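Asks: Provide a 3D model corresponding to the input given below.
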Amino acid sequence: MADAAMGSGIAQCRLARVLVVVLVLLTAALALTWSHHKLMSQDEMYAFQTYSVPTVGKLVQVQRTWPISLDPLLYPLLAHAGMKAFGAGPFALRLPALLGFLLMQVCLFFFVRNMAGERAGLLAAAFPALTATLYYSIEGRPYGLMLGLYALALLSWQAATREAGNRHRGWALAGLTAAIAATINAHYFGILLLVPVCAAEGFRTLQRRRIDWPVVVAIAVGMGSFVATWPFLKAANEFRKNYYNSGSVNHHDITRAYRWMFDDSARMHVSGQRLWMVVLVLFAVWLVRGCARQILKCEVRIPAAEWVLLITLAALPFFGYFLAKFVTHMIEVRYVLGTMVGISAMVGIVVSPRLRRNGVFAAVISMLFVCILGLGVLRIYVEQKSTSVELASMVQPAEVKAALDANPDGRLYVQDMGAFEEDHTYEPDADVRARMTLVYSRAEELRWNRHDTMALTAMHMQHFTGLPIVAYEDLRTQPGEHVFLLFHTGWDWTDQAFAADGARVRPVGKAMAGDVAGMGFFRPETIANAKKTMGGDVAAVGFR
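Replies: Got it, this is the predicted structure:
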């Protein structure tokens, strides 16, 4: 009987480990397929232009002097190495993010297994693939990597605190130091990892009534790596004074962070958003109630310090809000994405007592895998459709081509940075793509939009990208007509600037989801002479 029970337990453990491997492979397959159909985002293009420079030395110089991708050096180095190995393209750019997401799944499995068993570990590892965080496995930015580093830090701290005196403890301590250092050097908000780790170790110290010096030293050494970010932080601080969302921090950032980890419901109808918020609130109530029950009834025996680690990590959006409110004065919800690691672990722990029954385990895991596959296929389908529509919108109408061919200047000017990046990269007509020129003006952007983020980015790009970029102040002094691609959004200040400068607008047609128009300006000396002649103010109403 005992031998049979032992054999059954071993078989169950093997099954859970096999399913983790299947889960990781399934996640990788879905992410790679999704990535294949996804166009690079604006921020990814900034990253790509930076990380694809010829040498590491040039990469360091750009990040220290003219950054347009405002991150510390770790992700740029990893992506640069990937481009050297696999070629400069979206795959290499996104590879570190995908590997980070897969690392999170593996670390979550072992972390939760140590607390609630392998079945719970499998559930915790699978849960993030159901949520919106899967998107960051195909986004060539540091956030997918940070998810893996957060999970590695948790697992390393757990191993280091549970294996006192064990000969393998040195590896756990080294892993803890490396995970903290890497997180801090992956993103400036990575410093928030220290909140749950230090809170848990502080609680453990009070419990033991003595300091575990090897663990404290490992944390301190990892924390000291923040020094390596200073040169890049100093360069990025140029954007801080007039950053596009500076000073917009408010308590809604906390709720938005939790909501966007599961799904961006902003595109839903208002009634759909309300229903989704009800679902999220019910999920939060269930999770809090389940964790409270585990803590009080001890159905699963977990050290109190590990509960402090998880609870503090799950509350990371609150700490991110305070950091933004009093230090950085800006935040994006993705900066606190590591919260998902804590929430996923909690989900596995709360459900773990029910997973002991074979029927329940089979039903739950089967449903999880079906949902992951179904949602993954749906995401790929939606992305494929979106990409097809986007590329179709870039086909130039005949009247636009004719206007460009007839124009002596021959350029197609674009002020909207996001539109320029996307259209200049994916425009199917090589001739039109070669004509596209980015227009910037720090003064006009500050005047109309109250920030200079796009202008600074354009000015930095001039130093190393080789893209056609021109200052608006230079362009408006040139005679003749200039063809502009206009977008009437909060990012595009051209409507206001043209009106203020008295430019005459000649509509040409529509292209690339914008309006194409010919623009002409009075020469400054023409306006000055007119004022002297007429003795009053003159508004430009035509081309000269």
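Asks: Could I get the buried residue list for whatever helix or strand residue 64 lives in?
Replies: Per DSSP states H and E: residue 64 is located in helix 56-65. By neighbour count on 16 or more other Cβ atoms under 10 Å, the buried set for helix 56-65 is 59-60, 62-63. Glycine gets a C-beta too; all of them are placed from N, C-alpha and C.
Asks: Stretch 495-504 now?
Replies: 495, 497-498, 501, 503-504.
Asks: just to revisit the earlier point, now tell me what touches the helix holding residue 64 from outside.
Replies: Residues outside helix 56-65 that contact it (Cβ atoms under 8 Å, 6 or more residues apart in numbering): 50-51, 53, 69, 71-73, 76-77, 80, 231-232, 235, 463-464.
Asks: Looking at those, which one is closest to residue 42?
Replies: residue 69 (10.9 Å; Cβ to Cβ).
Asks: now that closest one, what's its secondary structure?
Replies: coil (DSSP: H, G, I helix; E, B strand; the rest coil).
Asks: That one: neighbouring residues, count only.
Replies: Using other Cβ atoms under 10 Å, residue 69 has 24 neighbouring residues.
Asks: Identify the farthest-apart pair in the buried residues of helix 56-65.
Replies: 60 and 62, at 7.4 Å, using Cβ to Cβ across those.
Asks: Now do residue 226 against residue 183, distance only.
Replies: To residue 183, residue 226 is 10 Å away according to Cβ to Cβ, to the nearest Å.
Asks: Please say which of these two ends up with more neighbours.
Replies: residue 183 (28 against 18).
Asks: Spell out which helix or strand contains that one, please.
Replies: helix 169-184.
Asks: Remind me what that helix packs against, helices and strands.
Replies: If contacts are counted by 3 or more Cβ pairs under 8 Å, 6 or more residues apart in numbering; DSSP states H and E, helix 169-184 sits against helix 143-162, helix 194-208, helix 213-224.
Asks: and if we set it to 7 Å?
Replies: If you count contacts as 3 or more Cβ pairs under 7 Å, 6 or more residues apart in numbering; DSSP states H and E, helix 169-184 packs onto helix 143-162, helix 213-224.
Asks: now for those, which one comes closest to residue 472?
Replies: helix 143-162 (33.4 Å).
Asks: and that closest one with helix 213-224, angle?
Replies: Angle of helix 143-162 versus helix 213-224, following axes from the mean of the first three to the mean of the last three Cα atoms, to 10 degrees, is 160 degrees.
Asks: Run the chain-centre distance for helix 143-162.
Replies: 19 Å (Cα atoms, centre = their mean, to the nearest Å).
Asks: Export the buried residues of stretch 495-504 as CSV, with columns for secondary structure.
Replies: CSV is the format used below for these (three-state DSSP):
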residue, secondary structure
495, helix
497, helix
498, helix
501, helix
503, coil
504, strand
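Asks: Using TSV, lay out those residues together with distance to residue 139 and pLDDT.
Replies: Supplementary listing: the buried residues of stretch 495-504 in TSV, determined by distance: Cβ to Cβ, whole Å; pLDDT from 0 to 100:
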residue	distance to residue 139	pLDDT
495	31	90
497	33	92
498	35	90
501	38	87
503	38	86
504	42	85
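Asks: Now do the helices in the stretch 201-350 of the chain.
Replies: Taking DSSP state H, counting those that start in this stretch as the test, the helices found in the stretch 201-350 of the chain are 213-224, 230-236, 252-262, 270-297, 304-314, 316-323, 339-355.
Asks: For the host helix or strand of residue 508, name the packing helices and strands.
Replies: Element membership for residue 508, per DSSP H and E: strand 504-511. Where contact means 3+ Cβ pairs under 7 Å, 6+ apart, strand 504-511 is packed against helix 398-406, strand 514-520.
Asks: what is the orientation angle of the shortest one with strand 504-511?
Replies: Angle, strand 514-520 to strand 504-511, by the same axes, to 10 degrees: 150 degrees.
Asks: Report the distance from strand 514-520 to the chain centre.
Replies: 33 Å.
Asks: Repeat that for stretch 123-138.
Replies: From the chain centre to the centre of stretch 123-138 is a distance of 14 Å (Cα atoms, centre = their mean).
Asks: got it, and stretch 95-108?
Replies: 15 Å.
Asks: Could you shift the numbering so residue one becomes 14, and keep it that way?
Replies: In the new count, where the first residue is 14, that last one comes out as stretch 108-121.
Asks: what's the overlap in contacts for residue 239 and residue 196?
Replies: Common neighbours of residue 239 and residue 196, using Cβ atoms under 7 Å, 6 or more residues apart in numbering, do not exist here.
Asks: who touches stretch 232-250?
Replies: 76-78, 80, 83, 85-86, 189-190, 193-194, 197-198, 201, 204, 207, 210-211, 214.
Asks: Could I get the contacting residues of the closest residue to residue 346 other than its chain neighbours?
Replies: Nearest non-adjacent residue to residue 346, counting by Cβ to Cβ, 6 or more residues apart in numbering: residue 270, 4.2 Å away. Residues counted as contacts of residue 270 (Cβ under 7 Å, 6+ apart) are 330, 333, 346, 349.
Asks: And the pLDDT for the third one?
Replies: The per-residue pLDDT reported for residue 346 equals 87.
Asks: what about it, how many neighbours?
Replies: 19.
Asks: Also the first one?
Replies: When neighbours are counted by other Cβ under 10 Å, residue 330 registers 22.
Asks: And it, how close does it get to residue 213?
Replies: Counting by Cβ to Cβ - residue 330 and residue 213 are separated by 18 Å.
Asks: what's the answer for residue 180, then?
Replies: In this view, residue 180 and residue 213 are 24 Å apart by Cβ to Cβ.
Asks: who's more crowded, those two?
Replies: residue 213 (26 against 7).
Asks: can you pull the contacts of the closest residue to the more buried one other than its chain neighbours?
Replies: In this structure, residue 213 finds its nearest non-sequential neighbour in residue 322, 3.7 Å apart by Cβ to Cβ, 6+ apart. Contact analysis of residue 322 by Cβ under 7 Å, 6+ apart lists 167, 209, 213.
Asks: Could you do residue 470 as well?
Replies: So residue 470 contacts 81, 430 (Cβ under 7 Å, 6+ apart).
Asks: now it, what's its secondary structure?
Replies: Here residue 470 is recorded as helix under three-state DSSP.
Asks: Among the helices and strands packed on strand 517-524, which comes closest to residue 312?
Replies: strand 527-533 (58.9 Å).
Asks: For the closest one, which outside residues touch it?
Replies: 413, 416, 432, 493-500, 511, 516-523, 556.
Asks: Endpoints of stretch 250-260, how far apart?
Replies: Taking Cα to Cα, to the nearest Å, the first and last residues of stretch 250-260 lie 15 Å apart.
Asks: want to throw the helices and strands packed on strand 517-524 into CSV with distance to residue 369 and mean pLDDT?
Replies: Listed next are these as CSV, based on distance: least, Cβ to Cβ, whole Å; pLDDT from 0 to 100:
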stretch, distance to residue 369, mean pLDDT
helix 411-419, 66, 84
strand 527-533, 59, 89
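Asks: Pick the most buried one from those.
Replies: strand 527-533 (a mean of 20; mean count of other Cβ atoms under 10 Å).
Asks: Next secondary structure element downstream of the one helix or strand residue 48 maps to?
Replies: Secondary structure from DSSP H and E places residue 48 in helix 15-50. Note on helix 15-50: by DSSP H and E, the next helix or strand toward the C-terminus is helix 55-64.
Asks: That following helix - what's its average pLDDT?
Replies: 96.
Asks: what do you get for stretch 328-343?
Replies: Stretch 328-343 comes out at a mean pLDDT of 92.
Asks: Then stretch 360-378?
Replies: 94.
Asks: Can you give me the buried ones in it?
Replies: 360-366, 368, 374, 377-378.
Asks: Name the nearest of those relative to residue 301.
Replies: Nearest member of those to residue 301, counting by Cβ to Cβ, is residue 363, at 9.6 Å.
Asks: Find the nearest non-adjacent residue to the closest one, please.
Replies: Leaving aside its sequence neighbours, residue 363 sits nearest to residue 303 (Cβ to Cβ, 6+ apart; 3.3 Å).
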